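Visitor: Prediction below, plus the sequence it came from.
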Amino acid sequence: MEERIRKFIRKQKLMTLGTSKDDIPYCCVVFYSFDEEKNALYFISNPSSRHSEEIFLNPIVGGTITKPELKIVRLQGVQFTGCCNLLEGAEAEAAGRHYQAAHPVAYWSKERIWKLELDWVKMTDNTLGFAKKIVWEKVPLLSGK
């Protein structure tokens, strides 16, 4: 993944997570930590929340990470897609430690930590020029987009 994208994701704390069920989209905002080695985002959520229940049915998700900014020339943000799963055992313990390092006051339990493996990320970075885009993908998408 391009370093500019990594740096941006690393510095932020909140993401909008998009899920869907029966062709009805839903979005929520969650805190995350970024595992740069795995190109993954960890977040905590109750398995009975609406977005968690929808992830169990369809683990393919989308989302955004943005930085509040009023000056157009400094706007930055990412859009992403990926696959989510609820972690268990040692993987949940390791992810929980990672998450807690990013959010020291957060309470987490191994039954509630999720991993979102990023497949595709598009960053808009106006600091490089108006509407400048940087795209990263794990593997080329079949659609070629």
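Guide: It's in.
Visitor: Tell me the buried residues in the longest helix seen in the chain?
Guide: The longest helix of the chain (DSSP state H) is helix 89-102. Residues of helix 89-102 classed as buried by neighbour count (16 or more other CB atoms under 10 Å): 92, 95-96, 98-100. For every residue, glycine as well, the C-beta is placed using N, CA and C.
Visitor: What residues of the next helix or strand after that helix count as buried?
Guide: Using DSSP states H and E, the helix or strand that follows helix 89-102 in sequence is strand 113-125. By 16+ other CB under 10 Å, the buried positions in strand 113-125 come out as 113-116, 118-125.
Visitor: can you give me the angle strand 113-125 makes with helix 89-102?
Guide: On the basis of axes from the mean of the first three to the mean of the last three CA atoms, to 10 degrees, strand 113-125 is oriented at 50 degrees to helix 89-102.
Visitor: list the helices and strands strand 113-125 packs on?
Guide: helix 3-11, strand 40-44, strand 76-86, helix 89-102, strand 133-137 (3 or more CB pairs under 8 Å, 6 or more residues apart in numbering; DSSP states H and E).
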